[in-house]
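Student: attaching a predicted model along with its sequence, questions to come.
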Amino acid sequence: MHFRPLLLAALAVSGFAAAADDPNVPAMMEKYGCGICHSDRETMAGPSWVDIAARYRGNARAAAILAAEVKKGVHGGGPWPMPPLPEVPDADTQAIVRYILAQQR
């Protein structure tokens, strides 16, 4: 059906908006050390959340890609690799990824 992609997109957008306002996500990010290398708008050892969101905007697989990078680690273009974080529960990983992807410039 032609309506299914539109429905999925609407659900994804509403989920991203809710995640951006989730008061638990910043505490999760602090708990797992995300802020050591990342921030909302400033490039540090890793890219900012805004830059990550911009890089993946329009990519239907963005949430899955970022969740896998959290779990397995990744070496982007920076000087240090992001270490794997397999201990982060899947529900927390998904909430964090939704928060990141909801960021706007």
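Tutor: It's in. No experiment lies behind these values; they were computed from the predicted model shown.
Student: can you give me the pLDDT of Trp80?
Tutor: Turning to Trp80, the model gives it a pLDDT of 87.
Student: cool, Pro23 as well?
Tutor: Confidence per residue is given as pLDDT, and for Pro23 that number is 86.
Student: helix, strand or coil for it?
Tutor: Pro23 carries the three-state label coil when classified by DSSP: H, G, I helix; E, B strand; the rest coil.
Student: doesn't Thr93 make contact with Ala67?
Tutor: Yes - using Cβ atoms under 8 Å, Ala67 is in contact with Thr93, at 5.1 Å. (Each C-beta comes from the backbone N, C-alpha and C, glycine too.)
Student: and these two? which has more neighbours close in?
Tutor: Per other Cβ atoms under 10 Å, whichever of Ala67 and Thr93 has more neighbours is Thr93, with 21 against 17.
Student: quick one: the more buried one from Arg61, how far?
Tutor: From Thr93 across to Arg61, the span is 15 Å (Cβ to Cβ, to the nearest Å).
Student: quick one, phi psi at Val50?
Tutor: phi -60, psi -40 (degrees, to the nearest 10).
Student: could you tell me the per-residue confidence at it?
Tutor: Taken from the predicted model, the pLDDT recorded for Val50 is 97.
Student: if anything else comes up later, I'll come back, but that's it for now.
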